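> have a look at this prediction, sequence included:
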Amino acid sequence: MSLNNYDIFKSHLITEKSSTLEESLNKYTFTVLKAVDKKKIKKAFEEVFETKVSKVNIINSKPTSRVFKGVKGKISASKKAIVTLMHGHTIKNLLGV
């Protein structure tokens, strides 16, 4: 399976915590494919957003069972990447604004 650099990133996570990280520490949070590693994420991020990455952190969440209104369900496993940019580098038009 050949992966395009754009296929690695599923979505940009926008939460209160991730917004704080973006503003203060220049860190961006994305959900990524489960099959990719830190090196591939770093390479793809630098090519897609044309910026320099200093560090990539990975968070693997396990699937969990939930009950909502009496119906049993499952929250699927996911993989998140927190990408730290080098000092002085930024991402322009991340959200298409």
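That came in fine, so what should we check first? Numbering: from 1, shown residues only.
> what is the burial count for Val67?
Neighbour count for Val67, taken as other CB atoms under 10 Å: 8. Just so you know, the C-beta spots here come from the backbone N, C-alpha and C atoms, and that holds for glycine as well.
> tell me what it is bridged to.
Here Val67 sits in beta bridges with Lys72, going by DSSP bridges.
> that one against Ile75, yeah?
No. Assessed by CB atoms under 8 Å, Val67 is found out of contact with Ile75, at 11.5 Å.
> for His12, phi and psi?
Dihedral angles phi and psi of His12 (degrees, to the nearest 10) take the values phi -90, psi 130.
> my bad, should have said Lys34
phi -70, psi -20.
> how many neighbours does Thr31 have?
Look at Thr31: counted by other CB under 10 Å, it has 16 neighbours.
> doesn't it lie inside a helix?
No. Applying DSSP: H, G, I helix; E, B strand; the rest coil, one finds Thr31 to be strand, outside a helix.
> thought it was touching Ser78?
Yes. Contact criterion CB under 8 Å: Thr31 and Ser78 qualify, at 5.8 Å.
> next up, the contacts around Asp7.
Listed by CB atoms under 8 Å, 6 or more residues apart in numbering, the contact set of Asp7 reads Leu33.
> buried set for the host helix or strand of it?
Element membership of Asp7 [criterion: DSSP states H and E] is helix 5-8. Using 16 or more other CB atoms under 10 Å as the test for burial, helix 5-8 gives Ile8.
> dump that helix to PDB, keeping only the CA atoms.
This file holds the C-alpha atoms of helix 5-8, laid out as PDB (Å, rounded to 0.1, in the frame of the first residue of the first chain):
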ATOM      1  CA  ASN A   5       1.800  12.400   2.400                       C
ATOM      2  CA  TYR A   6      -1.800  13.800   2.600                       C
ATOM      3  CA  ASP A   7      -3.200  10.400   3.500                       C
ATOM      4  CA  ILE A   8      -1.200  10.100   6.700                       C
END
